[in-house]
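J.: here is a sequence together with a model predicted from it:
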Amino acid sequence: MTKTNESLIEKMKIHHEMIAALLSGVLILVAWILSKNIGETTLVVVLYLAAFIIGGFAKAKEGIEETIKEKTLNVELLMILAAIGSAIIGYWTEGAILIFIFAVSGAMETYAMNKSHKEISALMDLQPEVANLLLEDGTTKRVQVSELQVGDRLFIKPGERVPTDGVVVEGISTIDESAITGESIPVTKQIQNEVFSGTVNLTSTLIVEMTKPNTDSLFSKIIELVQSAQSEKSPSEQFIERFEGTYVKIVLAVVGLMLFLPHYLLDWDWNTTFYRAMVLLVVASPCALVAAITPATLSAISSGARSGVLFKGGLHIEHLSALRAIAFDKTGTLTQGKPVVTDFVTADGLDEKELLAMLAGIESQSNHPLAIAITTYAEEQNVSTFRKAQIEDMPGWGLKGTIDGTVYQVGKPEFVGFERVHAFKNNLADQLTNEGKTVIFMANDEGIVALVALKDTVREQSKLAIQQLNEMGIHTVMLTGDNHNTANVIAKEAGVEQAIAECLPDTKVKHVKELMEEYKFVGMVGDGINDAPALATATTGIAMGEGTDVALETADVVLMKNDLSKIPHAIKLARKMQRIVKQNIIFSISIIMLLVISNFLQIVNLPLGVIGHEGSTILVILNGLRMLRTKI
């Protein structure tokens, strides 16, 4: 068997409920067409029976198993009984359509459940399974991470992921911590600095001493937080579960009474009694209630997808419509996620283009994100030829470059000398730092010859989105791993009402929970692995389309084009859907009550009951489909 066939079979297994529902729908359509041409022959009845069995098997099995397990009745059983009741009195089409509607609904629920398991797998893929254990004789041995113990020393090469939480005991290197903090600029780690599992060692070899069991690592806690948030049921889900059991019990109790009491109390004959009970079972079935929500929801999802917003289910649209506060990750969400040069300042009397060519010549030999930003800036300034330089990497400090016999130091203030930094341009560096910028210096023996200021810039769409959200009365918050100074600068530039700095994944979750206590319905927008716990904790998690797989899988809503201005659009769409759903629910309940009362008074017969029941269903479906053409 080829891989293509195996893949096809696997997909069919995953989507078998939807395939069964669609096949049931095809059989119903064929049976209905045949019945119009040749009447309800044996073939037509067989086709309807096949539609009943194929479409209803999964829901019937689920209903029976849940009844046995929970020892309570459910809507699935009511739907099966209503469909069978319709068939008993000769209304095969109505019964089959009822089965079809709930088969499709069940298939969608199963699909949503399967999606939730993928995000944990995506997280687990980023956690190293093996590590280089440093032995007493100085050699290394490849071992499973699960075998490591606190106190073990690990040898970590450039390009490898850190296998567990620990502290550096030997070496200096640059670590990409974006998987944990979400910040794009790597962090220098030296002796006694803490490193985290799942982060990437970029430049030099490190020896790390394990300080925590693998199960207690920060990365493991991220996974645990996502799982915990997913297991919590929303208030809406809990209400639906309670309502379901009560509704089924009431309907079945009333139908049970109608099978006997009218015969003795109202002197109805047995045929009339059974007929009225079956009519009640048909008209009381909540087809219109189901249709009140599903078509409007699917239409809203389709409308959102066309405008670049992917909703993962109706519940998330419901929550989005009630949103009162929204928290944003900074890097890659509000900002571009990549540093860019904002200022290039040279010492008086020096050639700016020449110095930029020299600096780019040194930085072009490094793959550090700041170096890439500087060389990109040089190209944008039409510096096409970089000066050749012999460089020496100074881990944790910067670079030394030799050009025409002159040695240049490029890096932090402590690398080039604080006194020289303060003296340059009347301490210009402090002013730039207060603006939330990262400052890199270039110096030689005579002093500082140039400085470069870099910053992760705010997206223009972010400013527009924040403005619209503020106008809608939604409280806006920024959660970032950056320091308070940078956080306040970015928040002011973006227009965010509140900035919370120095956040790790668990503190982001803490702040989201605090917002939920105050505002109840809270959104979280992010793009990184570190955002996954907060995305899962928030009432509505919103991921950027270019974000990590984990963020995309964890989120409830995905902005496919990375455009934050789509968030206000999505909220307006969700609010309009909720208005339509409320209209449909009120209308469908009113029709069900009217038909039930009319049945007790013997005003409505079965054909009229079916017309009223199915007619109300069609009307709410059509009302829901208005969402396809909605204009926000």
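T.: Arrived safely, thanks for sending.

J.: hey, C-alpha coordinates of the helix or strand hosting Thr342 in PDB?
T.: For Thr342, the element it lies in under DSSP states H and E is strand 335-346. Extracted C-alpha coordinates of strand 335-346, given in PDB (Å, rounded to 0.1, in the frame of the first residue of the first chain):
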ATOM      1  CA  THR A 335       5.500  45.000  16.900                       C
ATOM      2  CA  GLN A 336       7.200  43.600  13.800                       C
ATOM      3  CA  GLY A 337       9.200  41.100  15.800                       C
ATOM      4  CA  LYS A 338      12.500  42.100  14.200                       C
ATOM      5  CA  PRO A 339      14.800  44.900  15.400                       C
ATOM      6  CA  VAL A 340      15.400  47.700  12.900                       C
ATOM      7  CA  VAL A 341      17.900  50.600  13.000                       C
ATOM      8  CA  THR A 342      16.300  53.900  14.000                       C
ATOM      9  CA  ASP A 343      19.400  56.000  14.600                       C
ATOM     10  CA  PHE A 344      23.000  56.000  13.300                       C
ATOM     11  CA  VAL A 345      25.100  58.800  14.800                       C
ATOM     12  CA  THR A 346      28.800  59.400  14.200                       C
END
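
J.: now the helices for the stretch 101-250 of the chain?
T.: 218-231, 235-258 (DSSP state H, counting those that start in this stretch).

J.: do the stretch 301-450 of the chain as well
T.: Using DSSP H, counting those that start in this stretch, helices in the stretch 301-450 of the chain cover 314-321, 352-363, 369-380, 413-416, 418-423, 428-434.

J.: out of those, which one sits most buried?
T.: helix 314-321 (a mean of 23; mean count of other CB atoms under 10 Å). Any C-beta I mention is one placed from the backbone N, CA and C, and that applies to glycine too.

J.: that one - contacts with which helices or strands?
T.: helix 235-258, helix 287-306, strand 540-544, helix 566-600 (3 or more CB pairs under 8 Å, 6 or more residues apart in numbering; DSSP states H and E).

J.: ok now do the residue nearest the centre of the chain, which residues does it touch?
T.: What sits nearest the mean C-alpha location of the chain, by CA atoms, centre = their mean, is Ala555, with 0.9 Å. Ala555 sits next to 312, 526, 535, 541-543 when contact means CB atoms under 8 Å, 6 or more residues apart in numbering.

J.: still on that earlier bit, JSON lines please, covering the helices of the stretch 301-450 of the chain and showing distance to Tyr264 and mean pLDDT.
T.: Below are the helices of the stretch 301-450 of the chain laid out as JSON lines (distance: least, CB to CB, whole Å; pLDDT from 0 to 100):
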{"stretch": "helix 314-321", "distance to Tyr264": "45", "mean pLDDT": "84"}
{"stretch": "helix 352-363", "distance to Tyr264": "95", "mean pLDDT": "90"}
{"stretch": "helix 369-380", "distance to Tyr264": "84", "mean pLDDT": "88"}
{"stretch": "helix 413-416", "distance to Tyr264": "96", "mean pLDDT": "84"}
{"stretch": "helix 418-423", "distance to Tyr264": "99", "mean pLDDT": "82"}
{"stretch": "helix 428-434", "distance to Tyr264": "88", "mean pLDDT": "85"}
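
J.: looking at this protein, which residue lies furthest from center?
T.: Asp267 (60.4 Å).

J.: look up phi and psi at that residue.
T.: Torsion angles at Asp267 (phi, psi; degrees, to the nearest 10) stand at phi 60, psi 30.

J.: and it, how far is that from Leu261?
T.: Distance, Asp267 to Leu261, by CB to CB, to the nearest Å: 11 Å.

J.: same deal with Val458?
T.: 71 Å.

J.: between those two, who's got more neighbours?
T.: Set Val458 next to Leu261 and count neighbours by other CB atoms under 10 Å: Val458 wins out with 21 against 14.

J.: that one contacts Val489, correct?
T.: No - counting by CB atoms under 8 Å, Val458 sits too far from Val489 to count as a contact (9.7 Å).

J.: just to revisit the earlier point, can you lay out the contacts of Ala555 as a markdown table showing distance to Ala21?
T.: Shown next, in a markdown table, are the contacts of Ala555 (distance: CB to CB, whole Å):
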| residue | distance to Ala21 |
| --- | --- |
| Lys312 | 20 |
| Gly526 | 35 |
| Leu535 | 31 |
| Gly541 | 28 |
| Ile542 | 30 |
| Ala543 | 29 |
